[in-house]
Structure formats: structure tokens, C-alpha cells
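Chemist: have a look at this fold, sequence not included:
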């Protein structure tokens, strides 16, 4: 027993010292965390008051008290960003994420800063990770919607914009993007509603009103598009874009004389473009003025002899009036100047097919295929020509090749099935 008491007596100071040390460390840690929390709260309050430099000092204190926690670095990054120092902000926010990759505040802010400095891919990478945890954040969804819109993934863009209705409603640029994304994905009804809301909005810039008019035209709201274009100020800088858009809307609204009048006014101002002559010719023809239409297309060819559009327009006009010889001559004259244009070969092949000159048509389709193997219509035209010549096996062969290159073209499948059935397969 005495020996036990001596051992116990000898042990007591050591145990007591350890306990006191641990207790002191715990108290110090608790005190440091408490001070860090107070400094962090103070920093956030200063941020809301736009006292960014003072907020930065508070976040520095947080880092001193708790150097292995991300909160201080995250706050510092936000302050630096608001002070106009994005590069420094991204470095500090990266440090916060190195300490804790799941610290969503830092990741969100980092993504937003990347977006602001036009590092779009990095912004999307960070914000996509954040969206997995917080899928309803409107700021993040609005940014990701713009990113997908820029990549022409309109379905994804529309879905993301739908998750940020308040921000989209508040920002006309976002609303215009959403409307276009809806139109691109054949959601015409919601797109028209969005565009009508924009028409009623006060404070659109002239460029936004111009974009709105074009989208209204795409949504087949032609009268609204005309009204919007006519409401632009006389000094609107893009006179060609406004005038052509107005002429196109008049044409689509079947106001052909106004379309022609607008196009001729543009030409009088010195604007000469192939599409102006093309649209003028279409408006003249739909007005019943065939000779005037032909003259418009001829002027387009004369002014732009190496642009294929008005050769094709003039040839189409000739075909509509059953003048296949004139159509072939027009396209042949174009091929003398534009020798590698698959569209002219394809067009002339169609003319030859319609006039039952199938050997000449087959030769032109071969040329079109050689020059434009990426175009599914060339395979369809060649296949149809072989069908007309009763060359069913050749038709099936070329149409199979077309299906291999263009697996989403339904027309190719239709004629492939037709050729197989005619061949007895």
C-alpha cells in the first residue's frame, strides 16, 4: 500500500500538468474560433456597407485566428473582387478551396469572378460543381444559361433560364436570350409570351429593340416586328440591318409593295447586297410582276457575279414558269464563274431531272457530291436520279452512304426504303 501511495503521489503532478495544458489549448482554440467568428461577422457587415478595405482587414484577422479554415480566405476573395482585383481574388479563393473543396461559398464566388473576367470555361466548370449542391441558385443558373447559349445548346440554356425567372425578368438581355433559346427549340408559345412582355417593357436600348424585332419576325409575329422596327429612332446606326429586317417582315406579312419600296430605298442610300436583290425579286414575283422579278435577280447577278444566290433565284423563277432551258443556261453561266459551287451543280441537276435529261442530271449530281459530301441533299438527289433511271441497286448504295454520313435525315431513309422495295429486297 505505501508503495502504491508513493506511485500515485509521483503520478499526480504529471497528470495535472497534462490536463492543465490540454485545457489551456482547448480554451485558446475556443477563444481563437470565437474571435475569428466575430471578425468574420464584422467583415461581412462591412461588405454590405461597401467598406471593402476595412472588411479585408477583418478577414485577414480571421486567417490569423484560424489559418486552416477556409472562411477567412473566402471573405478576403470576395472583398478583393469587389475592390476590382479579380486575379488576386481568384488566388485567395483557390486557397480556400484547397483547404476545403466542399466550401460552396468560395466555389460560387470563384465561378462568378471567372465569368466576369471572361474565363467562361473555367466559370462553367466551377459553377456546374456548385449547381450540383445548390440547383436553385438563380445567379448561377443565369450564368450557366448564358454559357450554354453561347455554345448553341439552346435546350439546356432554356432549361437553365427557367430556373432563374426573377433574374431573367429583370435583365432584358437575358430575356432576349431565353426567347431565342425557346424559338430554337420550337417552344414558340412561351417564346411569343416572352417577346410580348419585352415589347411592353420600358427602357430597352435601341439595340435590344432591334434584336427584339428580329426575334418577333422569327416567331412569325410580323406586324409586331414591323411596329418595333418602325419605332427605332431615325439615327439608328445599323440602317442596312433595320431596312432589310423591315423589308423581310413586310414580305412575310405579304405587304409586297412595301417590301420592294423599302429595298429600293436602301439601294438609293448606297446599300448593295446580294440578298437585297434576292428579296426584291421574290416580292416582285409574289406580286405577280414576273419580269420585274427576273430583272431584280439579273441585277443581283450583275452586281455580284460570284455569289450563287441570285443564279439560284433566277433559275427557280424560270422553273416555276416551266422554262427549263433558261434555268439550265442561268446555272451554267454561274458555273463558268464559280466552278466549285455544289449548289449550282445540284440546282442544274434538278433542272435536268425535271426536263428528263437524266444522264446530264446524274453527271451534275456526281459533281455536287464530290464538292459537297457533307450535304445530305446531294445524296438524296443522286439516289432519286438512280431511281428515275431504274438503277435500284445504285440508288440503295448511294442512299446507304448518305444515311451513314447523315443518320438523322429522314428523307434519306424514305428513299432508301423505296429503292430496296423496288429492287425486290
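Modeler: Received, thanks. All figures in this text were calculated on a predicted structure; none of them were measured in a lab.
Chemist: so which bits of stretch 118-128 are buried?
Modeler: Under the neighbour-count criterion of 16 or more other C-beta atoms under 10 Å, stretch 118-128 has 119, 122, 123, 124, 126, 127 buried. To be clear about C-beta, it is placed using only N, CA and C from the backbone, and glycine gets the same treatment.
Chemist: list phi and psi for the fourth one.
Modeler: This points to residue 124. phi -60, psi -40 (degrees, to the nearest 10).
Chemist: now it, nearest residue through space, not along the chain?
Modeler: Of all residues not flanking residue 124 in the chain, residue 147 sits nearest, at 4.6 Å (C-beta to C-beta, 6 or more residues apart in numbering).
Chemist: average pLDDT for the helix or strand hosting residue 54?
Modeler: Assigned by DSSP states H and E, residue 54 belongs to helix 52-65. Predicted confidence along helix 52-65 averages 85 (mean pLDDT).
Chemist: coming back round to it: for the residue nearest to residue 124, phi and psi?
Modeler: Main-chain torsions, residue 147, degrees, to the nearest 10: phi -60, psi -50.
Chemist: tally of neighbours for it?
Modeler: 21 (other C-beta atoms under 10 Å).
Chemist: contacts only, for it.
Modeler: Taking C-beta atoms under 8 Å, 6 or more residues apart in numbering, we find residue 147 in contact with 120, 123, 124.
Chemist: and these, which is closest to residue 198?
Modeler: Residue 198 lies nearest to residue 120 out of those, by C-beta to C-beta, at 25.2 Å.
Chemist: so the closest one makes contact with residue 151?
Modeler: No. Applying C-beta atoms under 8 Å as the test, residue 120 and residue 151 come out as separate, 9.2 Å apart.
Chemist: just read off the phi/psi values of residue 70.
Modeler: Per degrees, to the nearest 10, the backbone of residue 70 is at phi -80, psi -10.
Chemist: contacting residues around the nearest residue to it once chain neighbours are set aside?
Modeler: By the measure of C-beta to C-beta, 6+ apart, the closest residue to residue 70 outside its immediate chain neighbours is residue 96, 3.8 Å from it. By C-beta under 8 Å, 6+ apart, the residues touching residue 96 are 70, 71, 73, 74, 77, 103, 106.
Chemist: likewise for residue 149?
Modeler: So residue 149 contacts 157, 177, 180, 181 (C-beta under 8 Å, 6+ apart).
Chemist: quick check: it vs residue 294, distance?
Modeler: 42 Å (C-beta to C-beta, to the nearest Å).
Chemist: and residue 76, by the same measure?
Modeler: Counting by C-beta to C-beta - residue 76 and residue 294 are separated by 72 Å.
Chemist: re the thing from before, looking at the contacts of residue 147, which one is closest to residue 131?
Modeler: Among the contacts of residue 147, and counting by C-beta to C-beta, the member closest to residue 131 is residue 124, at 9.8 Å.
Chemist: pretty sure that closest one sits against residue 144.
Modeler: Yes. Using C-beta under 8 Å, residue 124 makes contact with residue 144 at a distance of 6.4 Å.
Chemist: if we can go back for a sec, what does the helix holding residue 54 contact?
Modeler: Residues contacting helix 52-65 (C-beta under 8 Å, 6+ apart): 32-33, 35-36, 39-40, 42-44, 46-47, 71-73, 75-76, 79-80, 82-83.
Chemist: what about the following helix or strand past it, average pLDDT?
Modeler: Next helix or strand after helix 52-65 toward the C-terminus (DSSP H and E): helix 71-82. The average pLDDT for helix 71-82 rounds to 86.
Chemist: one more: stretch 262-274?
Modeler: 95.
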